[in-house]
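Visitor: Okay, structure incoming, though there's no sequence with it:
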């Protein structure tokens, strides 16, 4: 069955389902392009933050974007319920501040007011204004989605990133050495609340008839999956990552059907060997970061090819966003790689050329 904005949705679903199960041993391409470059409608993926109490307007604006967009290969119209990275911290009391094109959560930019004990004893308050907004947006999107688009679950956040928002990043770094046991208690409790959030949103989506799960990463799965992360760990030593982050990631992997770790920036590469040892972690998404990309070292750069080999040789999948001009080279180097390549094109014709490159590689 197709979608209004993606007629070959059935084929894309089957391909993605097979990729999750490890049955696809070639790169899978997701490409988007304007159907008419002169009339392309650019959707602002921060619209839920701009109109937090009017999800119907956001859905309608998203559909305008979908009607003007070609979703090629395994790409699909994904309405991600975006209230900022790590909205769980707002559910637990952080004060969100929306500025231009990002949402800041209270204490990411300064010292937090929550103690480790308070975090360890906190509970999810479903009367919290931000919980009610995200839940309403999720329910509304699901009610409006049938036969039209896919709904991506909100960005709950990385467990330690949420704690950093509540404590303040500097305080969290001090806690690693001054209060390690209390920090572990806080991690345990936030992990439990994280899964309570996930289960609540998952139930709301599936009670509304949504099939499978999607998230901000734009990858559909027929089962329960989610991107996992710990962005603050770029400041952690491998020993601290092993002690604090690995058990948390392992717990989340065990309670989901599939998972991907969002490896964000060169300073996290030191943790890759630990991540590759987590058996239930399905894949790694690599993001070089703005500084590297501005220097020409985007995901299509040969600078990262050894990293890709490490991931693929471990048996895990790889997800990368590659500029269109570099897709062919990545396909040439990794013709049998279990990779999802996310890219874009200036028009539908160019998008089809990129898809044909993938088909030629698979032949």
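Guide: Received, thanks. Keep in mind it's a predicted model, so treat the numbers as computed, not measured. Residues are numbered from 1 along each chain as shown.

Visitor: got a list of what the nearest residue to residue 248 once chain neighbours are set aside touches?
Guide: With CB to CB, 6 or more residues apart in numbering as the measure, residue 159 is the residue that lies nearest to residue 248, at 5.1 Å, once sequence neighbours are left out. For the C-beta atoms, the positions are set from N, CA and C on the backbone; glycine is no exception. By CB atoms under 8 Å, 6 or more residues apart in numbering, residue 159 lies in contact with 187, 190-191, 194, 230, 248, 252.

Visitor: The helix or strand harbouring residue 10: what's the following helix or strand?
Guide: Assessed by DSSP states H and E, residue 10 sits inside helix 9-20. Per DSSP H and E, helix 9-20 leads on to strand 28-34 as the next helix or strand towards the C-terminus.

Visitor: list the buried ones in the helix or strand that comes right after that following strand?
Guide: Moving toward the C-terminus from strand 28-34, the next helix or strand (DSSP H and E) is helix 47-50. Residues of helix 47-50 classed as buried: 47-49 (neighbour count, 16 or more other CB atoms under 10 Å).

Visitor: Next SSE downstream of helix 47-50?
Guide: Next along from helix 47-50, by DSSP H and E: helix 55-67.

Visitor: Report the rounded mean pLDDT for whichever helix or strand comes after that next one.
Guide: Going down the chain from helix 55-67, the next helix or strand is strand 69-73, by DSSP H and E. What strand 69-73 shows for mean pLDDT is 97.

Visitor: Over to stretch 202-221?
Guide: Rounded mean pLDDT across stretch 202-221 is 97.

Visitor: what's the span of that stretch from first residue to last?
Guide: Using CA to CA, to the nearest Å, the end-to-end distance of stretch 202-221 comes out at 13 Å.

Visitor: swap in stretch 334-343?
Guide: First-to-last distance for stretch 334-343 - CA to CA - comes to 16 Å.

Visitor: go on, stretch 74-90?
Guide: Distance between the two ends of stretch 74-90: 33 Å, counting by CA to CA.

Visitor: got it, and stretch 41-56?
Guide: End-to-end for stretch 41-56, by CA to CA: 18 Å.

Visitor: Which positions within it qualify as buried?
Guide: In stretch 41-56, counting by 16+ other CB under 10 Å, buried: 41, 43, 45-49, 52, 55.

Visitor: In those residues, which has the lowest confidence score?
Guide: residue 41 (73).

Visitor: what's the nearest residue to that residue if we skip its chain neighbours?
Guide: residue 68 (4.4 Å).

Visitor: Just give the number of residues close to that neighbour.
Guide: 17 (other CB atoms under 10 Å).

Visitor: Contact partners for it?
Guide: Counted by CB under 8 Å, 6+ apart, residue 68 has contacts 34-36, 39-41.

Visitor: Dihedrals phi and psi, it?
Guide: phi -100, psi 10 (degrees, to the nearest 10).

Visitor: any idea how far it is from residue 43?
Guide: According to CB to CB, to the nearest Å, residue 68 stands 9 Å off from residue 43.

Visitor: picking that back up, quick check: mean pLDDT of the helix holding residue 10?
Guide: 97.

Visitor: Contacts for that helix next, please.
Guide: Under CB under 8 Å, 6+ apart, the answer for helix 9-20 is 1-3, 6, 24, 28, 73-76, 212, 219-223, 225, 258, 282, 317, 338, 340.

Visitor: got the angle between whichever strand or helix holds residue 351 and strand 69-73?
Guide: Using DSSP H and E, residue 351 falls within helix 348-362. Going by axes from the mean of the first three to the mean of the last three CA atoms, to 10 degrees, helix 348-362 is angled at 10 degrees with respect to strand 69-73.
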